[in-house]
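Show me how the following folds:
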Amino acid sequence: MFDRRALIDAIILVGVTIVASPAYTQEKSIVVASTTSTQDSGLFEYLLPIFKQKTGITVKVLAQGTGQALDTARRGDADVVFVHDNSAEEKFLAEGEGVKRFPVMYNDFVLIGPKDDPAGIKGMKDVAKAFQIIKGKQACFVSRGDHSGTNIAELNLWKAADADFEKDRGPWYKSIGQGMGATLNFAIASNCYVLSDRGTWMHFKNKGDLQILVDGDRRMFNQYAVMLVNPAKHPDVKKELGQQFIDWLISPDGQKTIADYKIEGEQSFYVTNASPFLFSEIVLIDLLALVLAIATVSILWYVVKKIFPDDVKDLQFLLTFIVVVVPFVIVIYFGLAVINYDTIAGLSGWPLALPLDSLLSPLIVGAFAFYVGQTMWLWWDWGKLRKPR
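Modelled structure (predicted):
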């Protein structure tokens, strides 16, 4: 006898098996609207397969200029943005389009030009001066002109060079509205100067007759950050998967993976949230300056007490020491920490480019703590000198 119920049960079982099979399981994926340099530098080609292997999440990249990437996110067409224009990122957050900004990594921009260097800027450390010379000699300069992070950085450098493009732009300045790769190719073909992020330039194969002519100016610092698109504004955003990608990027594992990416043995990106030390490199230098400053003030105070045993008991003498000597020591040691960071970094293998706020913030805090602490200690020791024995 034909068992109809058994046939139905068998069909249901087969259907459930098919639907539950990996081929029919919905793929875990997110869309990341990203600056082109993370793609053109080869970083994503290296990074994303590792992330997928660890999490099973596929990252689909929309490689665009930073301005376009943020606009894509504003339309709700991406789950995460990975860009490098701090002011545009802050505006994006202020509009409520993003949840939170997480710094991920940094490198620097480089000013590239022909080997024969018609403007004569090779080796300059003042990038604004180099831009002034290029403009003054009307040497060919090609700009991406696409509102990307690199384009915005270039325009800021022109402002630093006091160039008013509303009045002064001439035929020597080519704005082509293309990505970094196309802009570099244009520079090669036309013998032009061009600004590029270092990672893309390192990964670029057809360098032709171009070479790096100017780098190392702190105004060429290039910070990358990642943000989750606000799911409250865009309900289709894959909040959990997107945040998982962000969390991995800023985790010790993600940071080490980024730092391990090298092009021909040279590191392309330096990570923001990882250091081989207990503290970041600049905080370590800050602590070293703090120790040396404390030792210097202690030695000077000891010498003063020995040479002027009576004068040192006078309140005016103490106040002069606090107002003149202690700040002088602060300027010497903490100033040297800022000025000589690159020298120390070169000897230690640390990154040469750091943002000014990363340099100044811990140093200002350290200097203030040092001044308050030394004032209290000097006052306490001076009080002991005045007590009759």
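
Can I get the strand ranked longest in the chain in CSV? Just the C-alpha atoms.
Counting residues, the longest strand found in the chain (DSSP state E) is strand 98-114. What follows is strand 98-114, C-alpha atoms only, in CSV (Å, rounded to 0.1, in the frame of the first residue of the first chain):
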residue,chain,number,x,y,z
GLY,A,98,28.5,57.2,11.7
VAL,A,99,28.5,55.6,15.1
LYS,A,100,32.1,56.1,16.3
ARG,A,101,35.5,56.8,14.7
PHE,A,102,38.3,54.3,15.4
PRO,A,103,41.9,55.2,14.3
VAL,A,104,43.4,52.0,12.7
MET,A,105,46.7,52.8,11.1
TYR,A,106,48.8,55.5,9.5
ASN,A,107,51.6,56.2,7.1
ASP,A,108,52.5,59.4,5.3
PHE,A,109,52.1,61.2,2.0
VAL,A,110,55.1,61.6,-0.4
LEU,A,111,55.8,64.2,-3.0
ILE,A,112,56.9,62.5,-6.2
GLY,A,113,58.4,63.9,-9.3
PRO,A,114,60.7,63.3,-12.3
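
Now the element after it, going C-ward?
helix 127-137 (DSSP states H and E).

how big is the angle separating that next one from strand 98-114?
50 degrees (axes from the mean of the first three to the mean of the last three CA atoms, to 10 degrees).

Give me the next element, helix or strand, following helix 127-137.
Heading C-terminal from helix 127-137, the first helix or strand you meet, by DSSP H and E, is strand 141-143.

And the average pLDDT for the helix or strand following that next one is what?
Later in the chain than strand 141-143, the nearest helix or strand by DSSP H and E is helix 149-160. Mean pLDDT, helix 149-160: 94.

from the chain's centre, how far out does helix 149-160 sit?
The chain centre lies 16 Å from the centre of helix 149-160; the measure is CA atoms, centre = their mean, to the nearest Å.

what's next to that helix, contact-wise?
The list of residues contacting helix 149-160 from outside it, by CB atoms under 8 Å, 6 or more residues apart in numbering, reads 35, 37, 65-67, 83-85, 87-88, 109, 127-128, 131, 135, 143-145, 165, 180, 195-197, 219-220, 222. The C-beta positions use only the backbone N, C-alpha and C, and glycine is treated the same way.

Mark which of these are buried, thanks.
35, 37, 65-67, 83-85, 88, 109, 127-128, 131, 135, 143-145, 180, 195-197, 220, 222 (16 or more other CB atoms under 10 Å).

Specify the local secondary structure of Val312.
helix (DSSP: H, G, I helix; E, B strand; the rest coil).

How many residues are close by the closest residue in space to it that isn't next to it in sequence?
Distance criterion CB to CB, 6 or more residues apart in numbering; nearest residue to Val312, sequence neighbours excluded, is Lys305 at 5.3 Å. Applying other CB atoms under 10 Å, we find 15 residues neighbouring Lys305.

Val31 should be in a strand, yeah?
Yes: looking at Val31 with three-state DSSP, it is inside a strand.

Tell me which residues of stretch 215-228 come out buried.
215-218, 220-228.

could you pull out the helices for the stretch 251-389 of the chain?
Taking DSSP state H, counting those that start in this stretch, the helices of the stretch 251-389 of the chain run over residues 252-259, 281-307, 315-320, 326-339, 341-348, 356-386.

quick one, phi psi at the residue nearest in space to the middle of the chain?
In the chain, the residue lying closest to the centroid (CA atoms, centre = their mean) is Gln223, at 2.3 Å. Main-chain dihedrals, Gln223, degrees, to the nearest 10: phi -100, psi 140.

Run a quick neighbour tally on the residue nearest to it when sequence neighbours are not counted.
For Gln223, ignoring the flanking residues on the chain, the nearest one in space by CB to CB, 6+ apart is Tyr106 at 4.6 Å. For Tyr106, the neighbour count with other CB under 10 Å is 20.

likewise Ile285?
Neighbour number of Ile285 under other CB under 10 Å is 25.

does it really touch Leu336, like I thought?
No: using CB atoms under 8 Å, Ile285 makes no contact with Leu336, being 9.5 Å away.

so who does Lys115 touch?
Asp209, Leu210, Gln211.

Leu385 touches Val312, doesn't it?
Yes: the criterion here is CB under 8 Å, and Leu385 meets it with Val312 at 6.4 Å.

low-scoring pLDDT stretches of the stretch 251-389 of the chain, where are they?
By pLDDT under 70, the low-scoring segments of the stretch 251-389 of the chain are 272-283, 338-363, 388-389.

Hmm, the residue nearest to the centre of the chain is touching Asp108, no?
No: at 9.8 Å, Gln223 does not count as touching Asp108 under the criterion of CB under 8 Å.
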